[in-house]
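# sequence plus predicted model, see below.
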Amino acid sequence: MSENLLQTEDKYSAVYFGFAPNRWHVTDDEKSCVLSVNGEYNYSKLLELYNAIEVDRRETIALAVTGKKEFALSDGELTQIKQDTADTLARLRAVTQKINSAFDFLPMGDSRAYISPMNTASVFFSPGEGILNFLYADFDSAYNECLNRTKKDLPDETSLDISLLTEKEKKFYYYLALTETQKRFKPLIEASLFTAEFPPILLHCSKQELTDYYQYLKKMQNNLLHLIEATFDENFCDGFFNRLTHKTRFAGYCRKQGLPTEQKRTIVHSISIIDAEYQIENVLDGYIESDFDLDIKMAAASEVSPSVQNNLDKLGFTMPEMISLSAMQADEYETCICESIEQQIEFELIQLLKSDIGMRKCKRCGKYFIMKGNYDTNYCDRIAEGETRNCQDLAAQENYKRKMADNAAIPLYQKYYKRYAARVRVRQIKEPDFKKWKYQAMTKRDECSNGKITLAEFEAWLEGSFPNRKKKE
């Protein structure tokens with residue numbers, strides 16, 4: 001039996017190389033999934049390790065990974081990194097808007113330099129939308145764009161024996177490999193939300209490593225598509241399984257394919273005031289606007305006596321901490337440790353099945369979309385590439401045009417409407433008479449469309465509505 005539903009092995013993500021995993025949970029109302037990225041993907045932690053290692057050792061490691069003895073960032077490089085981070089977040093927001101999701105990136109206004117733009121971000125999205133974002137990511141175009149970025153100045157293998165490195169040296173090695181991978185292969189890494197949130201490490205940034213990672217993503221996509229078809233598609237096996245629940249279809253498919261139906265999770269239970277502290281910090285720093293209730297709480301908490309303030313200072317409490325403790329309630333929640341893209345997809349898929357949320361293939365673009373509540377539609381509200389409106393709006397317009405083309409009564413009505421409207425303008429027909437005729441003509445048009453009168457009868461009625469006036473001799 002395969003170890004995971006997607007029948008793949010994650011040997012690429014930074015978590016695999018010892019970086020902290022992400023966390024995943026569902027909001028209390030179960031309307032949103034939240035994936036929170038760990039905060040290790042930043043240059044400050046890399047530089048801490050760099051300065052903690054002996055000079056000759058760090059030079060050896062840096063040379064093996066980057067081709068240079070020293071690792072340093074100039075002011076210009078730092079500025080460019082910050083700009084790249086902002087650009088990446090803007091692109092990912094644009095992607096999420098296209099797939100109709102409640103994605104939200106936090107924190108806002110953070111100007112520090114990150115190796116990964118998703119560092120410390122918490123992303124909120126409707127169950128299933130993260131899966132679809134990955135399923136329809138264009139890894140092909142991104143891979144082709146990355147091919148000319150593979151290393152040409154270094155061999156695929158180096159003489160450095162990783163097994164002989166200390167733990168600090170090994171982590172430094174992986175940090176440098178992460179920065180190189182992110183720099184060279186950004187298009188592929190940022191082609192989907194999940195690849196950005198679980199950044200890969202390709203130790204040598206070689207063409208073979210790039211190709212292997214690309215094929216790993218494509219295999220995941222392909223296996224995910226088969227799983228979705230078997231679990232949700234109404235046309236699967238000519239609709240034979242439509243009478244079964246999605247859970248039953250999922251269990252049956254997993255059994256026949258040798259896939260696991262049991263997912264083990266590591267759950268962390270937390271009681272914390274940190275979220276309240278972050279909220280207050282963001283208000284004080286001007287990143288987000290406060291609200292009236294919070295303004296009152298903050299004002300009340302700020303009016304403390306000098307003796308209390310002195311004691312708080314001795315304890316090392318900051319103003320945001322003091323306000324959060326005195327004005328806000330601690331949060332209690334559970335999160336799941338999430339170590340890979342495979343695990344994230346499994347968590348989200350199980351949430352869909354638990355909540356009995358279905359998917360359907362759009363009859364216009366052919367892509368799956370999430371069925372919401374009791375709203376029954378055959379078209380998604382996703383905006384396709386090159387379009388400005390979603391499939392629902394476009395399908396409605398196209399259906400109307402087809403109806404117009406197939407219904408001979410409509411163009412006939414329009415012909416006489418234009419004729420008589422022109423006679424109104426030259427005052428051959430009075431405005432009140434035309435309005436009365438318009439209502440009667442629309443009724444007759446609908447009767448003709450519904451087969452109650454023939455097209456010939458409708459045309460005869462239209463022709464006789466306002467006979468032409470006889471010319472004076």
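Here it is on my side, so go on. Numbering: from 1, shown residues only.
# pull up the gap between the nearest residue to S116 once chain neighbours are set aside and M118, please.
Nearest non-adjacent residue to S116, counting by Cβ to Cβ, 6 or more residues apart in numbering: Y41, 3.7 Å away. C-beta coordinates here come from the backbone N, C-alpha and C atoms, glycine included. Per Cβ to Cβ, to the nearest Å, Y41 is found 7 Å from M118.
# tell me which of the two has more neighbours.
Set side by side, Y41 and M118 show more neighbours around M118, with 29 against 25, by other Cβ atoms under 10 Å.
# which strands or helices does the helix or strand where L46 lies pack on?
Assigned by DSSP states H and E, L46 belongs to helix 43-52. The elements that helix 43-52 packs onto, with contact taken as 3 or more Cβ pairs under 8 Å, 6 or more residues apart in numbering; DSSP states H and E, are helix 167-184.
# which parts of the helix it packs on are buried?
169-182, 184 (16 or more other Cβ atoms under 10 Å).
# joint contacts of Y41 and M118?
When contacts are counted by Cβ atoms under 8 Å, 6 or more residues apart in numbering, Y41 and M118 are jointly contacted by P199.
# tell me, how many residues neighbour K68?
10.
# please read the previous query as pertaining to Q309.
Q309, neighbours per other Cβ under 10 Å, totals 14.
# please enumerate the helices of the stretch 1-150 of the chain.
Counting by DSSP state H, counting those that start in this stretch, the stretch 1-150 of the chain has helices at residues 43-52, 55-66, 75-98, 129-135, 139-146.
# for these, which one sits closest to A384?
A384 lies closest to helix 75-98 among these, at 8.3 Å (Cβ to Cβ).
# let me see the mean pLDDT of that closest one.
Mean per-residue pLDDT for helix 75-98: 69.
# not counting its neighbours along the chain, what's nearest I429?
R423 (4.6 Å).
# any idea how far the host helix or strand of the one you found is from the chain center?
Assessed by DSSP H and E, R423 sits inside helix 409-425. From the chain centre to the centre of helix 409-425 is a distance of 49 Å (Cα atoms, centre = their mean, to the nearest Å).
# next helix or strand past it?
Where DSSP H and E defines the elements, the next helix or strand beyond helix 409-425 is helix 431-449.
# quick one: that following helix to helix 409-425, angle?
Compare the direction of helix 431-449 with that of helix 409-425 by axes from the mean of the first three to the mean of the last three Cα atoms, to 10 degrees and you get 170 degrees.
# average pLDDT across the strand of greatest length in the chain?
With secondary structure taken from DSSP state E, the chain has its longest strand at strand 331-338. For strand 331-338, the mean per-residue pLDDT is 85.
# same check on stretch 168-185?
92.
# got it, and stretch 24-42?
Mean predicted confidence for stretch 24-42 is 87.
# kindly state the domain boundaries assigned to the chain.
Using automatic domain parsing, the domains assigned to the chain come out as 14-267, 407-465.
# what's the span of the shortest one from first residue to last?
Criterion Cα to Cα, to the nearest Å; first-to-last residue distance in domain 407-465 is 21 Å.
# again with the first one
Taking Cα to Cα as the measure, domain 14-267 stretches 21 Å from start to finish.
# helices of the stretch 251-400 of the chain, residue ranges please.
All helices of the stretch 251-400 of the chain, identified by DSSP H, counting those that start in this stretch, fall at 274-284, 292-302, 306-315, 319-327, 341-354, 391-406.
# state the pLDDT value of T211.
95.
# quickly find the element holding it.
Using DSSP H and E, T211 maps to helix 207-232.
# the inter-axis angle of that helix versus helix 341-354?
Going by the same axes, to 10 degrees, helix 207-232 makes 10 degrees with helix 341-354.
# can you give me the mean pLDDT across the host helix or strand of A456?
Using DSSP H and E, A456 sits in helix 455-465. For helix 455-465, mean pLDDT is 90.
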